[in-house]
Structures are given as C-alpha cells and as structure tokens.
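[1] Sequence first, predicted coordinates after that:
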Amino acid sequence: MSQESTKMSASLMRGRLQVNVAPSEFLPESLFGFAERRNPKRAFLFVSRVLGKHIPVKPSIMQLTYERLAEQIPSDLPGPVLVVGMAETAVGLGAGVHRAYSATRPDTLYIVSTRHPVGSQLLTRFEEEHSHASAHLIHLPIDPELREAMLNSRSLVLVDDEASTGKTFINLHQALIGSGLSKVERVVTCVLTDWSNDAVTDSIGAEVAQVSLVRGEYQFIEDPDAPLPEMPELGTVAVGQWPIDPLNDWGRLGTRFVEDSLAPQISVVPGQRIMVIGTGEFVWKPFLLAERLERAGAEVYFSSTTRSPIALGHSIQHALSFSDNYGLGIVNFLYNVAPGQFDRVLICSETDAMAVPSSLIDALNAEVIVDER
C-alpha cells in the first residue's frame, strides 16, 4: 500500500482539475484518468480504466474490481439487502458487485435505475443533477417474491462508478425511503473512486458506510472566460421505436441471478483479439459473454456505447457517434474503440438487430448479437 498521497492534475478547456488521492493499495493511474465533458453543468470527468465503459478493459480485470469492492461491504448488514446500480454507467458495475457479494449470502436483490421505461409500475424516480441525462427511474419488480424483498429491504447498497459530491446518492436514498422502503436500517455507498468527502455519511447519518477502491479530494479551478459547450439533447426518458421486452430483463425489474445466455454456441480461436460491446444500459449479459470468451482463451476486451458526450483529449483518444439503438432519436457514442484494432467485434443488443445503427456495424466490421431469450 502506498503510504503517501498522490497528486494529479489535468488542464481542460474550461479550467484546471487538481486531485489529491489518499494512500491506497491501488496506483491511481491504473484506475482512472481525466476527460472533459461536453456538458455546461460540469466540465470534468473521471474516466475509469477498469469500468468497461469509456476505455476497453479485460473482463478478468473488471471482475477483480467487483471482488475488491464486495469484500469491503459489511458482512453483517441486516437483510434483505437491496443492491442498486446507477444508470447508465454503473449498471454493470452494480451487477458485478452484487454477484460477488451475493455469493456470501442468499438474501440479496439487484435492481438498476434506468432511463428506459418497460411499461410496468414505477417505484420512484430521482435526479442526477449534474448529468447529461438527469432523470432516473426505478421500477417495482413484477415478481411478487422480489417485490416483497425489495419493499422489506433493511439494507441498501448503492453502486455508482464514482462519487464527486455524493448528491446523487443522497437523492437516491431520499427517493427510496420516500417511496415506501421504510425498514431500511443501513446504507452502503459503493464506488470505484470517491471524492465526496464523506458527504453521504454527513447527510444520512452514522448508519452509512462508504466503500471505494480509492478516495481523495479534488478542486476544479474554472476559467470564467471559457465558452460553455453545446450539449446534444440526451435526457430522453421514454419508450422508443424499438421497445424493450420485459421478459428478457436483467435488472430493471429486479433479479437475484442473471443467466449467461447470449450466443451460447459461439466459438473463438485461442489468442484471437476480440472486442465485446454492450449497448447503453445493456452491459451485464454482454459482460458475461466476454467473460466466457476470455475463459475460452481469447484475448477479450469489453466496452459499451453511451449517451455521455465527451470531448477528445486526455483519456479519450477516439470517438464514434451514431444513432441510439432504442429508436429514441438521440446520439450515442463509443470511445477508444477504433476500426481495425480487433480481429473480431461483437455488438450486443437487447433490441432488434435492425435497430443497431449500420454506421457503427460498418465502421467496426462488427457482428450483432441479440438477446432473444
């Protein structure tokens, strides 16, 4: 473990970001870098090197982070335990943490916030105020047993990729308690990087534990003369032209276990360099596929498309833009995956194959894999 704090900084178009990372067993540079948001509400972004969202990552490395985070979650939490993964960036991270933590106890349930209504009853909604898409929905499980477990949860594990101020966690907690989760006794926030200076604990109280791989503090010195960027309209919360089949649910309606069901007959050549791409919030089943192909001997990397508009530079060295595959008419992006990098590219979708934009398929010479269960 490093015994000294680490100072890092980045000069952005709208100012300078300075970070002081507390001592940790992890090298900060191995976990995150920086980028500039195309977002007038917040100029900077901590770009994870282990999340599999903006930078391709080997599934085995992602799995290691799931285990390290789950190890820090208190084992004595009163159950049932509700684990919530934050859309869109942390739905896969939350699923991975839930899988690792649930291996130690049977009374856990996983659900994600989403920007995609599936037509069933909502439990609540909350705001991620600085985001390019601020509104989040949380559905009630349809399954009676899962619904009962959720409404009777005595502990919450709230998962996001990073906490800058802790405000989103506070908003989520208030929304869950206000919607009827009245039995909650303990709260755990779980992130890769935590810059919130214990804000969630200060707001909610001593029953909170804040879990992370690294923590520290940051300061953004804004240039008052820098122009604000124009951000595309990305906040749509609606059913698109290509609706989601709730029977193929992997977390929006609550789950205890997700089966590895994508492309069960696919075969790979040992050493083959493969890129597996999830689309938007559909990342956990694609990750399970990537994990399986890595175990089969291929050199596999995982990433996913996103709504997040980020400027080129720093940790973002390549960007593709294209229409979303839900038929919402909004732009999506894929970062740091360039044509010709991989022997084989697999784009995984929970919508019809025809919904995946041909421009993305053609650019990467990709195959499309659809969740047809």
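    Received, thanks.

[2] you'd agree Met275 is up against Gln341?
    Yes: with contact defined as C-beta atoms under 8 Å, Met275 counts as touching Gln341 (7.0 Å). Where you see a C-beta, it was placed from the backbone N, CA and C, and this is true even at glycine.

[3] Those two - which one has more neighbours?
    Met275 (21 against 14; other C-beta atoms under 10 Å).

[4] quick one: contacts for Arg38?
    229-232, 309-311 (C-beta atoms under 8 Å, 6 or more residues apart in numbering).

[5] What are the boundaries of the helices in this structure?
    Secondary structure of the chain (DSSP state H): helices located at 28-31, 59-72, 91-102, 144-151, 167-178, 199-204, 284-295, 358-364.

[6] returning to that earlier point: which of the contacts of Arg38 are buried?
    Neighbour-count burial (16 or more other C-beta atoms under 10 Å) is assigned, among the contacts of Arg38, to 309-311.

[7] out of the contacts of Arg38, what pair is the most spread apart?
    Glu230 and Ile310 (13.8 Å; C-beta to C-beta).

[8] burial measure for Gln18, as a count.
    14.

[9] what stretches of the stretch 51-200 of the chain score poorly on pLDDT?
    Within the stretch 51-200 of the chain, the ranges that satisfy pLDDT under 70 run 128-133.

[10] residue nearest the centroid of the chain?
    Ala90 (1.8 Å; C-alpha atoms, centre = their mean).

[11] can I assume that residue is in contact with Asp161?
    Yes: under the criterion of C-beta under 8 Å, Ala90 makes contact with Asp161 at 4.8 Å.

[12] Common neighbours of those two, please.
    In terms of C-beta under 8 Å, 6+ apart, Ala90 and Asp161 are both contacted by the residues Leu51.

[13] wait, what's in contact with His116?
    For His116, the contacting residues are 137, 237, 239-240, 244, 252, 280-281, 326, by C-beta under 8 Å, 6+ apart.

[14] do Ile204 as well
    Contacts of Ile204 by C-beta under 8 Å, 6+ apart are 170, 173, 187.

[15] per-residue pLDDT, the residue in the chain sticking out farthest from the centre?
    Relative to the centre of the chain, the most outlying C-alpha is that of Asp225, 33.0 Å out, by C-alpha atoms, centre = their mean. pLDDT, Asp225: 91.

[16] again, but for Asn248
    pLDDT at Asn248 comes out at 85.

[17] Report how many residues lie close to it.
    Asn248 has 15 neighbours, counted by other C-beta under 10 Å.
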